[in-house]
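Peer 1: After the sequence you'll find the predicted model.
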Amino acid sequence: MRILLVEDEPLAQQRIKSIIKKNFPEWEVVDSVQSIKSLKEHLKNAGNFDMILCDIHLADGLSFRAFSEFPDIKVPVVFITAYDQYALQSFDHNCLDYVLKPIDENRLVKALQKASKYQEKESKSKLNQELIEKLLTIYQSKTYKKRFLTKLGNKFVFIPVENIAYFYSEDGLTFLVEGDSSTRYIIDHSLNELESDLLDPLKFYRINRSMIIHLDSLVEIKPYVNGRLELAMNAKAQETMVVARERVNEFKNWINQ
């Protein structure tokens, strides 16, 4: 099985290759690409591959844009994404499959087996223009929260997302911290809800288990112990803001979008 790997995150590339080598030793990752431009060039000769493993959100945009230019592609494709699991669930029973990040080995193996069966039976998945346009519409038309309703004393106030420096959780509560003023408010959403469905992933990033930051409020990045990064925001923090070590490379790609 000859595989084209489309992934711009080095750690994710390494993990995918490791899982393939462990579970399908006879398979070969023929080439790896990291951008839409490079993917388009490889799709011109899609016959060189038996399967494509493709990240959805690349540094230069959505990989769907490349596939939309090649509607007659017959190579099985497994999409990989860290975003918007709810939108993708509706396509779980189609000829495409997807794996969420962080990558679970068993889930990826099942997806690879599924794609392999399509190839072996010559019932190869077909990316038609209508499906690509539908996926693009879902991503491009998705709306995120523009403001949060919070309570301050005896009154309710609206905080626009552009005024938010970061969110954090503590003792089972989720707090919103406003930029400049550093005022904090309690909100009725968990960090998981914020990350998966309410916040624009191009603007907000979860740096560790208990904190999500706003890119526009980031002021400074410094090296921290054990390969981690320390951040300074335009709002005060009660503790050091640190990017978890396993998220450092992905975080760097995110701020360099």
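Peer 2: Perfect, I can see it now.

Peer 1: Residue ranges in this structure under the pLDDT threshold?
Peer 2: Within the chain, the stretches with pLDDT under 70 are 83-96, 120-142, 257.

Peer 1: Buried ones in the longest helix belonging to it, by neighbour count?
Peer 2: Counting residues, the longest helix found in the chain (DSSP state H) is helix 105-120. For helix 105-120, the neighbour count (16 or more other CB atoms under 10 Å) marks 108-109, 111-112, 115-116, 118-119 as buried. Quick note: C-beta positions are derived from backbone N, CA and C, even for glycine.

Peer 1: by contact count, what packs against that helix?
Peer 2: helix 10-23, strand 51-55, strand 77-81, strand 97-100 (3 or more CB pairs under 8 Å, 6 or more residues apart in numbering; DSSP states H and E).

Peer 1: could you redo the ones you listed as CSV and give each row distance to residue 65 and mean neighbour count?
Peer 2: Listed next are these as CSV, based on distance: least, CB to CB, whole Å; neighbours: other CB atoms under 10 Å:
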stretch, distance to residue 65, mean neighbour count
helix 10-23, 20, 16
strand 51-55, 12, 25
strand 77-81, 13, 22
strand 97-100, 17, 20
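
Peer 1: Could you report the distance from the nearest residue to residue 208 once chain neighbours are set aside to residue 229?
Peer 2: Nearest non-adjacent residue to residue 208, counting by CB to CB, 6 or more residues apart in numbering: residue 244, 4.3 Å away. Going from residue 244 to residue 229 by CB to CB, to the nearest Å gives 9 Å.

Peer 1: can you check residue 189 too?
Peer 2: 26 Å.

Peer 1: Likewise for residue 256?
Peer 2: 13 Å.

Peer 1: who has more neighbours, the two?
Peer 2: More neighbours surround residue 229 than the other of residue 256 and residue 229, with 18 against 7 (other CB atoms under 10 Å).

Peer 1: OK, contacts around that one?
Peer 2: Contact analysis of residue 229 by CB atoms under 8 Å, 6 or more residues apart in numbering lists 221-223, 242-243, 248, 251.

Peer 1: Emit the ChimeraX select command for whichever of these are buried.
Peer 2: Buried subset of these, written as a ChimeraX selection, criterion 16+ other CB under 10 Å:
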select :242,243,248,251
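
Peer 1: Distance to residue 75 and secondary structure for the contacts of residue 229 - can I get that in a markdown table?
Peer 2: Formatted as a markdown table, the contacts of residue 229 follow (distance: CB to CB, whole Å; DSSP: H, G, I helix; E, B strand; the rest coil):
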| residue | distance to residue 75 | secondary structure |
| --- | --- | --- |
| 221 | 39 | strand |
| 222 | 44 | strand |
| 223 | 42 | strand |
| 242 | 41 | strand |
| 243 | 36 | strand |
| 248 | 33 | helix |
| 251 | 32 | helix |
